[in-house]
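K.L.:
how does the following fold in three dimensions:
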Amino acid sequence: MEGLPTTTTTTTTKADRRWRSKPVQTSKPSLLLAFLSCVAWLYVAGRLWQDAENRTLLANLLKKNSEQRPKVLTVEDKLMVLGCKDLERRIVEVEMELTLAKSQGYLKNQLQQSGSSSEQKLLAVIGIYTGFGSRLTRNTFRGSWMPKGDALKKLEERGVVIRFVIGRSANRGDSLDRNIDEENRVTKDFLILDGHEEAQEELPKKAKYFFITAFQNWDAEFYVKVDDNIDLDLEGLIGLLEKRRGQDGSYIGCMKSGEVVSEEGRPWYEPDWWKFGDEKSYFRHAAGSLIILSKNLVQYISVNSASLKSYAHDDISVGSWMMGVQATHIDDNRLCCSSIRQDKVCSVA
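P.N.:
From the prediction side, this is the model:
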């Protein structure tokens, strides 16, 4: 009987140990779940906070853009959206209308340097090429065949304008330009081509600028280009032009042709030599020493100047422009300045 309590105590102790060990075993999963729950909560909370920040940032950007952007589209915005198609079409139409107006003679005269009336119909505008270092030559001309002072004005009253033709220095406003301006203030016998650079390599383009500027400044029957080494029989030239009044399309000069120089480095080298065929010969054209064009031909040059190509020599350039129009080539031996004819109107100085 004394052993029963002992057995009971042992059994009770084992059951008690089993009961106490169960809570220890179930607490580990609970802690793991709690930890995972905390991690998940922190992740969700972080994402929510980040989304809230992004929404706030986007809202601020939208608000800022809406404040800067005009509520109503401007004309510029609409043109950008439309790709400026209508504007481009109108520009093309206006340019065509302007070209047509110019070709029909509706061209506003620019300020005249000569001081003569733009309404006066002149017989001729004579442009004598000159350069910055040619003052002595100019003075020689003024003292021989070219009138000066009051005589120059009286000649303009007869319908003939004579001007020395020169461009601007590569360094605009330098001493070269200032010297020409000062000389012109005294003599008043220059036609200054503001858009042309006076340089040897730019010489082929000078004829185009001369004809355009002369046409815009004076209304004349003829426009005459003369080299700076040519002496003129002025009265003989005036008489020649008087007999040809009203002859539209006249391209007058000492007509010639010649070899196209294709070897670079040789005098009179033509970079575009390959355009003149296998024979390498220029077409017939007026010699560059003296070229005469009627008004309608100069008007053609003025209207189409942007698309007219200049070659290595100005006489070739003018001749090429005359190939594409209804020009009458007039070969007058009196304009061959190096000839031995007694009645020629020009000679090499």
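
K.L.:
who does the longest strand anywhere in the chain pair up with?
P.N.:
Determined from DSSP state E, the single longest strand within the chain is strand 281-294. Under the criterion DSSP bridges, strand 281-294 sits next to strand 220-226 (antiparallel), strand 250-259 (antiparallel) in its sheet.

K.L.:
residues contacting the closest residue to Ala312 other than its chain neighbours?
P.N.:
Leaving aside its sequence neighbours, Ala312 sits nearest to Glu270 (Cβ to Cβ, 6 or more residues apart in numbering; 4.8 Å). Backbone N, C-alpha and C define where each C-beta goes, glycine included. Counting by Cβ atoms under 8 Å, 6 or more residues apart in numbering, Glu270 touches 260-262, 276, 311-313, 316.

K.L.:
the residues you listed in helices, which ones?
P.N.:
Ile316 (DSSP state H).

K.L.:
can you say which of the contacts of Glu270 are buried?
P.N.:
The neighbour count (16 or more other Cβ atoms under 10 Å) marks 260, 276, 311-313, 316 as buried among those.

K.L.:
quick one: least confident of those residues?
P.N.:
The member of the buried ones among the contacts of Glu270 with the lowest pLDDT is Phe276, at 71.

K.L.:
list the contacts for that one?
P.N.:
Neighbours of Phe276 in contact, by Cβ under 8 Å, 6+ apart: 260, 270, 282-283.

K.L.:
among these, which two are most distant?
P.N.:
Glu270 and Phe283 (12.5 Å; Cβ to Cβ).

K.L.:
for the chain, which element, helix or strand, carries the lowest mean pLDDT?
P.N.:
Here the helix or strand of the chain ranked lowest by mean pLDDT, DSSP states H and E is helix 75-82, holding a mean of 61.

K.L.:
in contact with the most centrally placed residue in the chain, which residues?
P.N.:
Residue closest to the mean C-alpha point of the chain, counted by Cα atoms, centre = their mean, is Ala306 at 8.9 Å. Shown in contact with Ala306 (Cβ under 8 Å, 6+ apart): no residues.

K.L.:
list phi and psi for it.
P.N.:
The phi and psi values for Ala306, taken as degrees, to the nearest 10, are phi -70, psi -30.

K.L.:
give me the pLDDT value at it.
P.N.:
Here, the pLDDT recorded for Ala306 equals 86.

K.L.:
now do it against Arg168, distance only.
P.N.:
20 Å (Cβ to Cβ, to the nearest Å).

K.L.:
likewise for Val325?
P.N.:
In this view, Val325 and Arg168 are 30 Å apart by Cβ to Cβ.

K.L.:
same question for Asp189.
P.N.:
17 Å.

K.L.:
again, but for Arg245
P.N.:
The value you get for Arg245 to Arg168, if Cβ to Cβ is used, is 34 Å.

K.L.:
cool, Gly249 as well?
P.N.:
Look at Gly249 and Arg168: by Cβ to Cβ, they are 33 Å apart.

K.L.:
these two: which is more packed in?
P.N.:
Arg168 (20 against 17; other Cβ atoms under 10 Å).

K.L.:
what residues does the more buried one make contact with?
P.N.:
177, 192-194, 196-198.

K.L.:
please flag which of these sit within helices.
P.N.:
Reading helices off these with DSSP H, I get Asp177.

K.L.:
show me which of the contacts of Arg168 is closest to Ala59.
P.N.:
Distances from Ala59 to those, taken by Cβ to Cβ, are shortest for Asp194, at 59.1 Å.

K.L.:
excluding chain neighbours, what is closest to the closest one?
P.N.:
Nearest residue to Asp194 in three dimensions, chain neighbours excluded: Arg168, at 6.0 Å (Cβ to Cβ, 6+ apart).

K.L.:
so in terms of bridging, what pairs with that neighbour?
P.N.:
Assessed by DSSP bridges, Arg168 has beta-bridge partners Glu197.

K.L.:
related to what we said a few turns ago, any idea how far Ser262 is from the residue nearest to Ala312?
P.N.:
Relative to Ser262, and taking Cβ to Cβ, Glu270 is found at 7 Å.

K.L.:
go on, Arg158?
P.N.:
Look at Arg158 and Ser262: by Cβ to Cβ, they are 46 Å apart.

K.L.:
swap in Ile212?
P.N.:
In terms of Cβ to Cβ, Ile212 sits 31 Å off from Ser262.

K.L.:
low pLDDT regions in the stretch 151-300 of the chain?
P.N.:
Applying pLDDT under 70 to the stretch 151-300 of the chain flags residues 263, 268, 274, 277-279.

K.L.:
what segments of it are strands?
P.N.:
For the stretch 151-300 of the chain, the strands defined by DSSP state E, counting those that start in this stretch occupy 160-168, 190-197, 220-226, 230-232, 250-259, 281-294.

K.L.:
redo the ones you listed as CSV? Include distance to Tyr129.
P.N.:
Listed next are these as CSV, based on distance: least, Cβ to Cβ, whole Å:
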stretch, distance to Tyr129
strand 160-168, 6
strand 190-197, 10
strand 220-226, 7
strand 230-232, 9
strand 250-259, 15
strand 281-294, 9
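
K.L.:
what's the closest of these to Ala45?
P.N.:
Ala45 lies closest to strand 190-197 among the strands of the stretch 151-300 of the chain, at 74.7 Å (Cβ to Cβ).

K.L.:
fine, thanks again, bye for now.
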